[in-house]
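only geometry, no sequence info:
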């Protein structure tokens with residue numbers, strides 16, 4: 001077997017392994033029960049929330065970088081998980097957004113989330129559940 005073919009197969013196998021690991025990580029990070037449905041329903045409001053948070057200079061730089069990376073991921077024309085894969089295929093954007101949101105809230109606090117939330121109070125309650133926070137809040 002030629003060196004070029006060996007290298008190509010090794011790179012292809014490594015990329016396949018990384019993709020499978022990403023699928024496993026998404027499956028583990030997905031919100032349980034009806035939270036996944038809520039995450040998909042809230043995606044338009046989350047897409048307005050993320051840039052608002054990313055532009056907030058009071059948030060730590062690492063949090064803002066995570067948010068800009070999330071926006072780049074959401075803007076990619078190709079999905080990490082093709083739509084024909086059950087459950088994860090149609091929900092990968094919502095799962096990634098929910099995971100980043102959990103991290104952002106952990107590092108930035110709930111005040112930033114409440115201050116920048118563009119949706120309804122019911123939507124904010126659902127986002128708080130997605131982020132693993134208590135759902136009682138005064139807005």
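Ah, there it is. For clarity, every value in this text was computed on a predicted model and none was experimentally measured. Numbering: from 1, shown residues only.

model confidence over stretch 17-34, on average?
Here stretch 17-34 scores 74 as its mean pLDDT.

contacts for it?
36, 38-39, 80-81, 85, 87-88, 91-92, 95-96, 98-99, 130 (CB atoms under 8 Å, 6 or more residues apart in numbering). For the C-beta atoms, the positions are set from N, CA and C on the backbone; glycine is no exception.

which of those residues fall in helices?
Judged by DSSP state H, the subset of the contacts of stretch 17-34 located in helices is 36, 38, 39, 88, 91, 92, 95, 96, 98, 99, 130.

which one (most neighbours) among those residues?
Most neighbours among the ones in helices among the contacts of stretch 17-34, by other CB atoms under 10 Å: residue 98, with 27 neighbours.

let's see the pLDDT reported for that residue.
On the pLDDT scale, residue 98 gets 78.

again, but for residue 55
In this model, residue 55 carries a pLDDT of 93.

got a list of what it touches?
Counting by CB under 8 Å, 6+ apart, residue 55 touches residue 64.

from residue 12, how far off is residue 6?
Applying CB to CB, to the nearest Å, the value for residue 6 to residue 12 is 11 Å.

tell me where the model's unsure across this structure.
1, 30-36, 39, 87, 90, 135-139 (pLDDT under 70).

pull the longest helix from it.
The chain, longest helix under DSSP H: helix 3-29.

ok, for residue 45, nearest residue in space, not its chain neighbours?
Distances taken as CB to CB, 6 or more residues apart in numbering put residue 119 closest to residue 45, at 3.7 Å, once the chain neighbours are dropped.

burial of that neighbour, as a residue count?
15.

now do the phi/psi pair for it.
phi -100, psi -160 (degrees, to the nearest 10).

same deal with residue 77?
phi -70, psi -20.

check the one 3 residues further on too.
Here the main-chain torsion angles of residue 80 (degrees, to the nearest 10) amount to phi -60, psi -40.

if anything else comes up later, I'll come back, but that's it for now.
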